[in-house]
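In: sharing a model prediction with you, sequence too.
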There are 2 protein chains.
Amino acid sequence: MKRLVIKFGGTSVGNIEKIKKVANIVKKRFEEGNEIIVVVSAMSGETNKLNTKAQSIAQNFDDKELDVLLSSGEQVSSSLLSGALIDLGIKARSWLGWQIPIITDDNYTFSKIIKIRTDEILNFISHKGVAVIAGFQGISKENRITTLGRGGSDLSAVAIAKFFQTDSCEIYTDVDGVFTTDPSISHQAKKIDKISYEEMLEMSSLGAKVMQPSAVQTSMIDNIPIHVRSTFSEKSGTKIISESEIDYKKVVTGIAYSKNNAKISIIGVVDKPGVAADVFEPIGKNNINIDMVIQNTSLDGKNANITFTIKQGDLKKTLNTIEKNKKTINYNKISHDDKLAKISIVGAGMVSSPGVTYKMFRALADEKINILAISTSEIKISVLIREDLTQKAVKKLHSEFGLN
Amino acid sequence: MKRLVIKFGGTSVGNIEKIKKVANIVKKRFEEGNEIIVVVSAMSGETNKLNTKAQSIAQNFDDKELDVLLSSGEQVSSSLLSGALIDLGIKARSWLGWQIPIITDDNYTFSKIIKIRTDEILNFISHKGVAVIAGFQGISKENRITTLGRGGSDLSAVAIAKFFQTDSCEIYTDVDGVFTTDPSISHQAKKIDKISYEEMLEMSSLGAKVMQPSAVQTSMIDNIPIHVRSTFSEKSGTKIISESEIDYKKVVTGIAYSKNNAKISIIGVVDKPGVAADVFEPIGKNNINIDMVIQNTSLDGKNANITFTIKQGDLKKTLNTIEKNKKTINYNKISHDDKLAKISIVGAGMVSSPGVTYKMFRALADEKINILAISTSEIKISVLIREDLTQKAVKKLHSEFGLN
């Protein structure tokens, strides 16, 4: 007998028929003799609808009340799924965050799970019950509802897998698994059977929407194997596991991309220790996420240029922040560029394969795609290009690295 | 400084604009210097939508899961209203049933409130905070969500008024108050300024949809004055108070009606002690509500006829139940009649006014309306008539008893 966490995303429970389908999947897994804990997202579109309601009440809708509001979505789907299971003759019960309880910190709207009580649910599932847990939600120490941020049900699933020491954590979604690139950009995209946490992290934060990055990170830290698979097909899905368990035949595992990037260059800052901190401290304090960073020293060694990328939506706010701090930063001028895309090749096999960088740049040059910035890590190389060239670049690299 | 419970029904919080309007009403009442506890229903239509979802999952959707599902409606409206108040610069906070907690019995879907903890909310409102409580919900001793039945937010409001010892309980709704009869049936209907609990109870259970009957009953038992008023006008509304505080100038306070009644006559039962119990025990066990009951003894004193009324929707089930118990009941034959209406004149002043009964029957006879059954109490007289004559009867009686 295995103990499983199986998580269903919003599109998997998007309407009544789909909820019934999910109930049948759960029933099948239960009748195979497993102990089952189900984690469920809100029905697709519901969280957006609730958010829109809050936004039309107030531009800065109170965080704590927003969490009360948003958590109702998973309350609806978890009770509907429990009801569907009971109707199939299964002993089932829904648990909301406060009933378990799932204790989080008090960062409302983006809380982290601290602790999950297990005794009641363990008792229930060991007596032939299927527990259905509302994802995305917990409670703070002051007994108020918290939520884990967008896509937080993945985080719930991974944390539950950890605290309940389950044998595996399955993420059911609306696609067959993780692909070598976005199938809507290249129909040559192939499903990946096994991927490491690190690769998946690069893939997911760069645009593959299968699983929430921080959930992948958590599963990596606690070494929880994840199995991504489809609610709507019987295909084998993608296993996210430790790098050491994968036999790498290909250097590059997948091509990821993200659109809506903007680039800012601060030209002519004094090249002295602490200058980067002077630039990024006020930006960080304004909750703006910095992605790529490049620092060039000028020829005379006195001045430097700092270039970095951010999300397009943060451009105005970032420019304002820099201008406000002009005195501290002490720069010559600023230039910026929006409508940029970041294209990345990801692969744990890259570490031991020299020449990947050169091959990537040559391939893009062959397509006359200009590279505006580069950043690398052990398992990926990212380049910044014009957004309208995204598809061209992805297709070229997908073919270049033998993924077609 | 007064402590008030103010309750807003579903139509009062039916959309974002209305919620903002309600927030402004609450703000005004708060700035008058009152301690405020708001109780709020689900946005109109939401509970029905959720019920429909449950019904399309399973005909007999599990009661406990249904309560988890339905209670999400008030979770949404209470958080939206709290957010709207905070946006107006008011310190406000939502409380769900489990957070207070509101302890109920474990009759899921129709629970009764046993106890409400008050310390946290009292502390909050005594420090210039407005508490917004989700109506309709509580928790059972086993820590699961319960609901109080349809219109249960009225019950929440009255129970909160009791446990928090508030100075008054105001029910904001979409009409100006309680009327002498249904304004859609007679545009001669007038708003009643003061009505006794007993009269209101007769009015509400007989069809005036302003307030839930069991909430009126609870307020009567604990002598909690209720003030019914409109969210959308400044009119003075209707006060529901103890009979002794009302100076009755009119014998009849209002004309109520209910449609969709059916009548069953069991003819030729043996007239002996216990026969009525033999008839009504199996019906009661099938959760069918009996309304009027008339028993006639036959001329020979050996046999009797029992006639009673039920809701039209229960007719088939009731007939089946009686036929199944034919041996025990031992009757000659059954007849039945559906599409009947019950018309009632209600008034605490009737007790001391002989001749009301005669006047009512004469008025109906003048309109050639045949009376099929009669039942009376100290403060009302009800007659059963053909459903299609409802309007005619109500208008005639409304004029006859000087309510025009």
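Out: Yes, it's here. Numbering: from 1, shown residues only, chains lettered A, B, ... in the order given.

In: what is the subsequent helix or strand relative to the helix-or-strand element of chain A with minimal mean pLDDT?
Out: Using mean pLDDT, DSSP states H and E, the weakest-scoring helix or strand in chain A turns out to be strand A:293-297, at a mean of 79. Sequence-wise, the next helix or strand downstream of strand A:293-297 (DSSP states H and E) is strand A:303-311.

In: now that following strand against strand A:293-297, angle please.
Out: Interaxial angle, strand A:303-311 versus strand A:293-297 (axes from the mean of the first three to the mean of the last three Cα atoms, to 10 degrees): 170 degrees.

In: what about strand A:303-311, average pLDDT?
Out: The pLDDT scores in strand A:303-311 average 89.

In: kindly report the same for stretch A:262-272.
Out: 88.

In: what distance separates that stretch from the centre of its chain?
Out: 30 Å (Cα atoms, centre = their mean, to the nearest Å).

In: and stretch A:73-88, by the same measure?
Out: Centroid separation between stretch A:73-88 and its chain, computed with Cα atoms, centre = their mean, is 26 Å.

In: just the buried residues of that stretch, please?
Out: For stretch A:73-88, the neighbour count (16 or more other Cβ atoms under 10 Å in any protein chain shown) marks A:73-87 as buried. C-beta: built from backbone N, CA, C; applies to glycine.

In: wait, A:K162 touches A:N223, no?
Out: No - when contacts are counted by Cβ atoms under 8 Å, A:K162 is not listed as touching A:N223 (9.6 Å).

In: between those two, which one's more packed in?
Out: Comparing A:K162 with A:N223 by other Cβ atoms under 10 Å in any protein chain shown, the one with more neighbours is A:K162, at 19 against 10.

In: where do the helices sit along chain A?
Out: With helices called from DSSP state H, chain A shows them at A:16-31, A:46-57, A:63-70, A:72-87, A:119-126, A:152-163, A:197-205, A:213-221, A:275-285, A:315-324, A:326-329, A:356-366, A:390-400.

In: could I get those as CSV with mean pLDDT and distance to B:S382?
Out: Putting the helices of chain A into CSV (pLDDT from 0 to 100; distance: least, Cβ to Cβ, whole Å) gives the following:
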stretch, mean pLDDT, distance to B:S382
helix A:16-31, 97, 42
helix A:46-57, 96, 44
helix A:63-70, 98, 45
helix A:72-87, 98, 39
helix A:119-126, 98, 50
helix A:152-163, 96, 55
helix A:197-205, 84, 68
helix A:213-221, 90, 63
helix A:275-285, 87, 72
helix A:315-324, 94, 69
helix A:326-329, 88, 83
helix A:356-366, 91, 86
helix A:390-400, 95, 75
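
In: contacting residues around the closest residue to A:N260 other than its chain neighbours?
Out: In space, and not counting its chain neighbours, A:N260 is closest to A:Q312: 4.2 Å by Cβ to Cβ, 6 or more residues apart in numbering or on different chains. Residues in contact with A:Q312 (Cβ atoms under 8 Å, 6 or more residues apart in numbering or on different chains) are A:N260, A:N261, A:A262, A:D338, A:K339.
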